[in-house]
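1. sequence plus predicted model, see below.
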Amino acid sequence: MQKQPVHTVVGGAHLFRRDTAAKLGRIAGGYLDRYAADPASLADALGNRLPPETAEAVHRRVCAKLEREPVECFLIDFEDGFGARSEVEEDEAATAAAAEVAAGAAAGSLPPSLGIRIKSLSEATGGRALRTLELFLAALARTGGELPDGFTVLLPKIVDAGQVERLSGALDRLETTLGLPERRVGIDLMIETPQSLVAPDGRIALPGLVAAAGRRCRTVHLGAYDLTGAVAVAAEAQTLGHPLCDMARQLLQLSLGGSGVRLADGATNVLPVEPHRGTAEISPAERVENTAVVHDAWRLHYADVRRSLSQGFYQSWDLHPAQLVSRFAAVFSFFLEGLDAAASRLDRFVSAAGQAVLTGSVFDDEASGQGLLNFFLRGLASGALTAEEAARSGLTPAELETRSFRAILAGREEAPHQGRAR
């Protein structure tokens with residue numbers, strides 16, 4: 001299984017190109033150069049939420065990430081990001097996007113994870129959505145290009161399990177027609193209607209939606225703004241921090257935890273867009289205003305990402321390339337700030353052969369042992385932690401690869417003098 005990306009970056013299908021990921025990284029790097037060129041400036045840009053002892057490491061790793069792998073998951077959007085376009089325009093965009101995916105795969109320029117978002121399978125747009133899906137997959141097959149590993153189709157605005165079943169059935173037929181392996185295409189679900197959370201009979205709807213995907217479901221995403229808008233929350237109050245979003249996240253975790261389905265939080269819709277742009281030289285006052293707008297948006301996004309991480313959502317959405325700066329700053333700082341405590345607790349706990357221990361004032365048992373292990377696995381996968389930093393946990397690379405605290409303890413019982421990462 002692929003590692004879970006830390007974000008989903010979404011962009012209109014008509015704009016997608018084989019080098020889109022690298023282009024977004026260059027744009028984000030330009031914002032970093034202009035508005036947070038050094039560690040102190042980045043800390044200031046984030047409202048001094050970045051501790052001085054980690055600021056240098058975070059800034060350095062953000063710079064490297066934007067150059068090496070600025071986008072972990074990209075969603076080619078035929079829904080909100082595509083807008084209202086004619087049938088002919090969408091047909092052309094579907095085939096053109098497929099050609100760009102094939103070219104990007106050949107050039108090695110695609111992000112690690114890729115997918116498309118079709119329109120909803122409502123009566124009004126369902127036919128159009130399935131036509132786009134068929135055109136895209138057929139066009140990709142005609143080019144001789146292969147679907148990227150982990151390719152998914154995101155289904156939005158779900159109101160019942162029948163819509164998910166319809167998509168799964170369409171994929172069954174397309175895979176047969178196009179000669180693709182069974183369940184080669186995954187399904188992601190966008191939870192953004194009240195009906196996708198709570199069924200008419202009062203039951204939590206989420207497990208039924210996942211089951212309707214027929215073992216295709218990879219990730220379930222929270223669509224905060226459609227969801228809050230559907231229950232008449234005023235536009236200015238529609239934020240990721242709204243109590244309804246907190247409840248939705250908890251329902252996702254409680255109903256799907258342990259199922260193997262990944263969970264992703266929504267987007268911050270206040271974007272770091274400079275109000276004064278263009279080729280002409282801007283005035284000092286305009287430059288100050290640009291800085292204030294970008295920094296304010298970064299601070300909000302940083303806080304949203306950190307809240308998602310603290311609530312156990314390790315993936316969420318980005319809507320603008322400049323958000324990649326605050327995205328990776330939030331992810332990297334989250335793991336670096338927790339490194340010392342997590343390493344000390346895990347090292348001590350494993351040394352005690354999994355017996356409950358007290359580290360400082362923190363009591364650890366097997367459940368927290370797996371949680372501590374997950375901290376290091378997530379940190380390594382995101383690039384926030386280096387292998388040397390992960391070794392401070394007291395675990396070897398081979399032990400980390402087991403991904404199981406219980407398996408690590410069992411292995412140490414069999415070979416008690418092997419396995420120390422010293």
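-> That came through fine.
2. separation between residue 154 and residue 174?
-> To residue 174, residue 154 is 16 Å away according to C-beta to C-beta, to the nearest Å. Bear in mind the C-beta positions are built from the backbone N, C-alpha and C, glycine included.
3. who has more neighbours out of these two?
-> A direct count of neighbours by other C-beta atoms under 10 Å for residue 154 and residue 174 places residue 154 higher, at 24 against 19.
4. you'd agree the more buried one is in a helix?
-> No: read with DSSP: H, G, I helix; E, B strand; the rest coil, residue 154 is strand and lies in no helix.
5. isn't it up against residue 118?
-> Yes: contact criterion C-beta atoms under 8 Å: residue 154 and residue 118 qualify, at 7.3 Å.
6. beyond the helix-or-strand element of the chain with minimal mean pLDDT, next helix or strand please.
-> The weakest-scoring helix or strand in the chain, judged by mean pLDDT, DSSP states H and E, is strand 362-364 (a mean of 48). Later in the chain than strand 362-364, the nearest helix or strand by DSSP states H and E is helix 366-382.
7. what's the following helix or strand after that next one?
-> Sequence-wise, the next helix or strand downstream of helix 366-382 (DSSP H and E) is helix 387-390.
8. got any ranges where the protein has weak pLDDT?
-> Applying pLDDT under 70 to the chain flags residues 1, 279, 352-367, 415-422.
9. just the strands in it please.
-> For the chain, the strands defined by DSSP state E cover 7-12, 73-77, 113-117, 152-155, 186-191, 217-222, 262-264, 316-318, 357-359, 362-364.
10. make CSV from these and add distance to residue 382 to it.
-> CSV is the format used below for those (distance: least, C-beta to C-beta, whole Å):
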stretch, distance to residue 382
strand 7-12, 10
strand 73-77, 12
strand 113-117, 13
strand 152-155, 20
strand 186-191, 20
strand 217-222, 16
strand 262-264, 14
strand 316-318, 13
strand 357-359, 24
strand 362-364, 23
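11. figure out which of the ones you listed is closest to residue 388.
-> Nearest of these to residue 388, taken as C-beta to C-beta: strand 357-359 at 21.7 Å.
12. what's the offset of the longest helix seen in the chain from the middle of its chain?
-> Once the chain is assigned using DSSP state H, the helix that runs over the most residues is helix 323-351. What separates the centre of helix 323-351 from the centre of its chain is 18 Å, taken as C-alpha atoms, centre = their mean, to the nearest Å.
13. could you give the angle of it to helix 366-382?
-> 140 degrees (axes from the mean of the first three to the mean of the last three C-alpha atoms, to 10 degrees).
14. buried set for helix 323-351?
-> Residues of helix 323-351 classed as buried under the neighbour-count rule (16 or more other C-beta atoms under 10 Å) are 323-339, 342-350.
15. try stretch 287-300
-> Residues of stretch 287-300 classed as buried by neighbour count (16+ other C-beta under 10 Å): 290-291, 293-295, 297-300.
16. now stretch 205-225
-> 205-206, 209-210, 212-214, 216-225.
17. residue 162: neighbour count?
-> By other C-beta under 10 Å, the residues close to residue 162 number 11.
18. again with residue 173
-> Counted with other C-beta under 10 Å, the neighbours of residue 173 add up to 11.
19. now do it against residue 12, distance only.
-> Here residue 173 is placed at a distance of 27 Å from residue 12 (C-beta to C-beta).
20. cool, and residue 391?
-> Residue 391 sits 43 Å away from residue 12, going by C-beta to C-beta.
21. ok, back up a step: of the strands of the chain, give the one that comes closest to residue 305.
-> With distances scored as C-beta to C-beta, the stretch of the strands of the chain nearest to residue 305 is strand 316-318 (6.4 Å).
22. which strands or helices does the closest one pack on?
-> strand 7-12, helix 284-310 (3 or more C-beta pairs under 8 Å, 6 or more residues apart in numbering; DSSP states H and E).
23. and if we set it to 10 Å?
-> strand 7-12, strand 73-77, strand 217-222, strand 262-264, helix 284-310, helix 323-351 (3 or more C-beta pairs under 10 Å, 6 or more residues apart in numbering; DSSP states H and E).
24. and for it, what are the contacting residues?
-> By C-beta atoms under 10 Å, 6 or more residues apart in numbering, the residues outside strand 316-318 that reach it are 6-11, 24, 28, 71-73, 75, 221-224, 240, 263-269, 271, 301, 304-305, 307-309, 323-324, 326-327, 330.
25. which of those residues are buried? Put it as a PyMOL command.
-> Those of those that count as buried under 16+ other C-beta under 10 Å are selected in PyMOL with:
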select buried, resi 6+7+8+9+10+11+24+28+71+72+73+75+221+222+223+224+240+263+264+265+266+267+268+269+271+301+304+305+307+308+309+323+324+326+327+330
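26. hmm, back to that, just put the buried residues of stretch 287-300 in TSV and tack on distance to residue 99.
-> Shown next, in TSV, are the buried residues of stretch 287-300 (distance: C-beta to C-beta, whole Å):
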residue	distance to residue 99
290	37
291	40
293	37
294	35
295	39
297	34
298	35
299	40
300	37
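27. what number of residues lie near the residue nearest to residue 118 when sequence neighbours are not counted?
-> What sits nearest to residue 118 in space, not counting adjacent residues and going by C-beta to C-beta, 6 or more residues apart in numbering, is residue 129, at 4.1 Å. By the criterion of other C-beta under 10 Å, residue 129 has 25 neighbours.
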